[in-house]
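Undergrad: I'll drop the sequence and a predicted model, then ask my questions.
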Amino acid sequence: MPSIAYFGPRGTFSEQAARVHAGADDTLEPMRTVPAALAAVRAGEADLACVPVENSVEGAVSATMDALAVDEPLVAVAEVVLPVRFSVLVRPNLTADRVRTVASHPHALAQVQGWLAANLPDAAQTAANSTAAAAVGVLDGSWDAAVTAPVAATHYPLDVLATGIADVEGAVTRFLLLRHPGTLPGPTGSDRTSIVVTAAAERTGVLAELLTELALRGINLSRIESRPLKGRLGQYRFYLDFDGHVHEQRVGDALAALHRRCQHVRFLGSYPRAEPSPTSTAAAAGNTDADYAAAGEWLAAVRNGTGG
Ligand SMILES: O=C(O)C(=O)C[C@]1(C(=O)O)C=C[C@@H](O)C=C1
């Protein structure tokens with residue numbers, strides 16, 4: 001009966017994502033922040049953490065990116081992609097013309113700027129810890145309105161001023177489910193591998209070198225992000241997501257090459273993609289596991305003098 005710590009409180013999109021993954025017997029624990037959800041797994045208080053990693057409108061969730069790169073490593077075992085449309089919740093009987101303040105997670109506010117400009121143009125906007133934390137803030141009188149996941153209306157006694165809001169039709173957020181490193185989920189033929197690397201900032205062309213290691217092996221890069229190392233300008237971590245599973249020869253070979261070229265590589269998991277890759281994920285001729293095995297046998301024969 002695993003427990004899943006999610007970015008809470010109750011009623012966030014992260015909770016919805018956790019429920020997509022959870023079995024009937026799993027227990028769900030809301031945590032106040034993304035680092036707190038990851039810390040619960042590191043401390044052995046939860047088996048899995050469910051946290052947002054990127055949104056199709058606003059991009060990376062930097063709190064998640066930063067927290068995944070430090071402390072004890074965790075690995076993703078699954079991803080969930082959720083469509084995001086929002087509700088606006090207000091204190092009971094509050095009409096739109098009396099809403100002076102509206103709060104939400106910065107990602108959520110960014111996705112409804114058009115709607116707010118048209119419908120609550122005079123409301124001051126405030127960043128809350130999460131969409132559901134904004135609903136709690138409305139309940140305790142901190143704000144008049146909250147931009148939330150629709151499900152938050154079932155958790156908190158607030159009125160729904162509007163629902164189904166999204167400036168960008170089809171917007172989605174991707175969530176990761178992470179746990180302690182252990183047996184990895186097996187390859188499915190449609191997997192994603194995630195890593196964080198730091199490379200020598202003073203070496204010209206180092207990023208191109210790293211990406212070439214993937215391209216040469218026919219590995220499709222699906223995402224690249226950078227986050228500052230924080231101490232001084234010009235030093236970054238790079239987050240790479242690419243198609244394939246570490247158990248595939250070409251992916252293992254590319255990871256080993258990155259390890260040779262980088263100061264540090266952190267493996268963040270190989271897990272099934274929630275949506276199919278836009279490119280073919282099958283290894284082309286020259287990069288299949290069989291090609292790697294044949295090349296290894298040939299090399300061994302050359303080295304031991306039995307072939308060539
Ligand atoms: O606050 C929540 O409900 C979350 O799960 C976080 C989060 C995010 O970080 O992107 C998730 C989806 C929405 O795009 C807005 C907020």
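TA: Perfect, thanks for sending it.
Undergrad: CA atoms for contacts and neighbours, from now on please.
TA: Noted.
Undergrad: what's near enough to touch the residue of the stretch 151-300 of the chain found nearest the ligand?
TA: Proximity of the stretch 151-300 of the chain to the ligand (CA to the nearest ligand atom) peaks at Thr173, 5.5 Å away. Applying CA atoms under 8 Å, 6 or more residues apart in numbering, one finds that Thr173 lies in contact with Pro52, Val53, Glu54, Asn55, Ser56, Val81, Leu82, Pro83, Val84.
Undergrad: which element is it on?
TA: strand 172-179 (DSSP states H and E).
Undergrad: which of the three states applies to Val147?
TA: strand (DSSP: H, G, I helix; E, B strand; the rest coil).
Undergrad: that one contacts Arg85, correct?
TA: No: assessed by CA atoms under 8 Å, Val147 is found out of contact with Arg85, at 9.9 Å.
Undergrad: these two: which is more packed in?
TA: The residue with more neighbours, out of Val147 and Arg85, is Val147; 31 against 23, by other CA atoms under 10 Å.
Undergrad: in the longest helix that the chain contains, what counts as buried?
TA: Scanning the chain for the helix with the most residues, using DSSP state H, yields helix 289-304. Of all the residues in helix 289-304, those buried under the rule 16 or more other CA atoms under 10 Å are Asp289, Asp291, Tyr292.
Undergrad: residue contacts, the residue most central in space within the chain?
TA: The centroid of the chain falls nearest to Val53 when counting by CA atoms, centre = their mean (2.2 Å). Applying CA under 8 Å, 6+ apart to Val53 gives the contacts Ala60, Val61, Ser62, Thr64, Met65, Thr173, Arg174, Phe175, Leu176.
Undergrad: pretty sure the fifth one belongs to a strand, no?
TA: Going back to what we said before, that points to Met65. No: Met65 sits outside any strand when classified using three-state DSSP, being helix.
Undergrad: please, which helix or strand holds the closest residue to it other than its chain neighbours?
TA: Distances taken as CA to CA, 6 or more residues apart in numbering put Val53 closest to Met65, at 7.1 Å, once the chain neighbours are dropped. Here Val53, judged by DSSP H and E, is contained in strand 48-55.
Undergrad: and the direction of that strand versus that of strand 172-179, what angle?
TA: 150 degrees (axes from the mean of the first three to the mean of the last three CA atoms, to 10 degrees).
Undergrad: neighbouring strands - and their directions - for strand 48-55?
TA: strand 3-7 (parallel), strand 59-60 (antiparallel), strand 172-179 (antiparallel) (DSSP bridges).
Undergrad: mean confidence (pLDDT) on the last one, please.
TA: Per-region confidence: strand 172-179 scores 98 on mean pLDDT.
Undergrad: and the residue of the stretch 151-300 of the chain closest to the ligand, what are its bridge partners?
TA: Asn55, Leu82.
Undergrad: just say which of the strands paired with strand 48-55 is most tucked in.
TA: strand 3-7 (a mean of 28; mean count of other CA atoms under 10 Å).
Undergrad: pull the residues that contact it.
TA: Contacts for strand 3-7 (CA under 8 Å, 6+ apart): 14-15, 18, 22, 26-34, 37-38, 40-41, 46-52, 130.
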